[in-house]
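S.K.: Pasting the sequence and the predicted model now:
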Amino acid sequence: MSTSSAALPGTPSGDPTPESAPALELEDLVMHFGPVRAVDGVSLRVERGRVMALVGESGSGKSTVGRCVVRLLEPTSGTVRLAGTDVTALSRRRLRPHRRDVSIVFQDPASSLDPRLTVGDIVGEPLRLLRLGHSRRERANRVAEALENVGLRRQVAERYPHEMSGGQRQRVSIARALVSSPTLLVADEPTSALDVSVQASVLNLLADLQRDMGFACLFITHDLSAVEYLADDVAVMYLGQLVEQGPRERIFGDPKMPYTQALLSAAPLANPREQRARQRVLLRGDIPSPIDPPPGCRFNTRCPVAVERCVTEVPALRLIAGRQVACHLVHDDGTGPDVRLVETSTSSETLPR
């Protein structure tokens with residue numbers, strides 16, 4: 001990691017004071033499952049009050065990062081800091097006071113909500129576990145307020161998850177995650193399991209709550225239209241590593257890394273004429289296995305502009321043109337290849353939406 005990256009949002013910042021500490025800071029995070037190198041040296045930070053989108057294809061490791069952040073997985077190595085505190089090596093007892101700083105919303109609300117509990121018990125569970133609220137009445141009032149904040153009536157507290165729609169269940173998940181007023185919310189594909197008709201309403205809800213409550217958010221998704229709507233900053237993952245990160249307007253407006261260019265070329269445009277005229281990048285070959293990732297740049301086996309150096313040397317993330325990018329072919333002045341202008345394989349394989 002270049003030492004010149006300290007001032008860029010989304011990158012480690014050294015030793016901040018408690019008042020300026022990011023909501024989340026990851027440094028060289030590694031998560032291996034035996035021979036599977038799911039996450040291999042990820043460093044980023046999410047500033048307080050900002051939304052960082054973590055994007056990439058299925059299998060890129062982005063959801064594994066989110067689970068390491070909330071300690072559902074114990075990282076193989078690296079550092080996780082929540083609100084300035086290194087929680088990586090804390091025991092479960094010592095971690096308890098810091099649990100309030102972070103909450104998670106999962107992809108599938110049907111499987112993440114205990115069907116044996118009422119909605120009130122589900123939303124109130126963090127208050128009980130974190131020992132927040134001095135009385136049962138106070139906790140009940142906080143549960144009712146949390147439900148109303150996500151657009152549900154307080155009477156819903158008496159219902160069970162199976163009595164609700166998918167969109168309502170995800171609202172319950174969001175209420176549970178935010179009832180303890182965390183500094184950071186990890187949202188792991190929060191709309192992908194929902195009907196298209198309700199996805200927009202849940203995204204609007206997250207945007208409104210983030211603005212009103214001021215929490216930071218690590219927004220894990222493959223939906224680039226949602227990223228463009230919700231995120232302040234973007235980090236792009238490929239095969240367990242970050243390849244580009246920076247402010248959303250720079251990543252979307254002028255992507256530098258060939259993989260980012262290909263990823264964005266697959267995102268639908270609002271203007272039908274521009275959508276028809278755009279050249280969509282078709283990548284050659286399959287995604288390599290995380291058990292045996294390619295040497296050098298991990299994207300070299302699919303990159304249409306790769307050179308010999310890409311195969312032999314791992315590119316470092318460098319601060320270039322207001323963002324960090326890991327690519328040997330991008331120069332210090334920001335110039336480099338544009339795979340959207342390069343004739344690529346005629347393979348029918350494309351990136352996901």
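M.R.: Thanks, I have the structure now. Numbering: from 1, shown residues only.

S.K.: just the strands in the stretch 51-200 of the chain please.
M.R.: All strands of the stretch 51-200 of the chain, identified by DSSP state E, counting those that start in this stretch, fall at 51-55, 77-82, 85-86, 102-105, 184-188.

S.K.: Out of these, which gets the lowest mean score?
M.R.: Looking at the strands of the stretch 51-200 of the chain, the lowest mean pLDDT belongs to strand 85-86 (a mean of 93).

S.K.: So in that sheet, which strands flank it, and in what orientation?
M.R.: Sheet pairing of strand 85-86 (DSSP bridges) gives strand 77-82 (antiparallel).

S.K.: Flag every buried residue along the partner strand.
M.R.: By 16 or more other CB atoms under 10 Å, the buried positions in strand 77-82 come out as 78-82. To be clear about C-beta, it is placed using only N, CA and C from the backbone, and glycine gets the same treatment.

S.K.: Let me see the contact set for residue 178.
M.R.: 103, 146, 149-150, 185, 209, 213, 215 (CB atoms under 8 Å, 6 or more residues apart in numbering).

S.K.: Out of these, which comes closest to residue 194?
M.R.: residue 150 (14.0 Å; CB to CB).

S.K.: so the closest one touches residue 209, yeah?
M.R.: Yes: between residue 150 and residue 209 there is a contact at 7.4 Å, judged by CB atoms under 8 Å.

S.K.: From the neighbour counts alone, determine which of these two ranks first.
M.R.: Remark: of residue 150 and residue 209, residue 150 carries more neighbours, 24 against 20, as counted by other CB atoms under 10 Å.

S.K.: would you turn the strands of the stretch 51-200 of the chain into a markdown table with distance to residue 246?
M.R.: What follows is the strands of the stretch 51-200 of the chain, written out as a markdown table (distance: least, CB to CB, whole Å):
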| stretch | distance to residue 246 |
| --- | --- |
| strand 51-55 | 11 |
| strand 77-82 | 21 |
| strand 85-86 | 25 |
| strand 102-105 | 23 |
| strand 184-188 | 20 |
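
S.K.: Would you mind telling me which of the ones you listed is nearest residue 323?
M.R.: Counting by CB to CB, and looking across all of the strands of the stretch 51-200 of the chain, nearest comes strand 51-55 at 12.9 Å.

S.K.: which other helices and strands contact the closest one?
M.R.: Packed against strand 51-55 by the contact rule (3 or more CB pairs under 8 Å, 6 or more residues apart in numbering; DSSP states H and E) you find strand 36-46, helix 62-69, strand 216-221, helix 224-230, strand 233-238.

S.K.: Lowest average confidence across those, which one?
M.R.: Among the helices and strands packed on strand 51-55, helix 224-230 carries the lowest mean pLDDT, a mean of 92.

S.K.: Please state the offset of it from the chain centre?
M.R.: 12 Å (CA atoms, centre = their mean, to the nearest Å).

S.K.: Output that helix in PDB, but only the C-alpha positions, please.
M.R.: Coordinates of each C-alpha in helix 224-230 appear next as PDB, following Å, rounded to 0.1, in the frame of the first residue of the first chain:
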ATOM      1  CA  LEU A 224     -24.100  -1.100  -9.800                       C
ATOM      2  CA  SER A 225     -27.200   1.000 -10.200                       C
ATOM      3  CA  ALA A 226     -27.700   0.700  -6.400                       C
ATOM      4  CA  VAL A 227     -24.100   1.700  -5.900                       C
ATOM      5  CA  GLU A 228     -24.500   4.800  -8.100                       C
ATOM      6  CA  TYR A 229     -27.600   5.800  -6.100                       C
ATOM      7  CA  LEU A 230     -26.400   5.100  -2.600                       C
END
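
S.K.: Identify each buried residue in it, please.
M.R.: Those would be 224-228, 230, for helix 224-230 by 16+ other CB under 10 Å.

S.K.: can you put these in JSON lines and add distance to residue 291?
M.R.: Output for the buried residues of helix 224-230, formatted as JSON lines (distance: CB to CB, whole Å):
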{"residue": "224", "distance to residue 291": "28"}
{"residue": "225", "distance to residue 291": "32"}
{"residue": "226", "distance to residue 291": "31"}
{"residue": "227", "distance to residue 291": "29"}
{"residue": "228", "distance to residue 291": "33"}
{"residue": "230", "distance to residue 291": "33"}
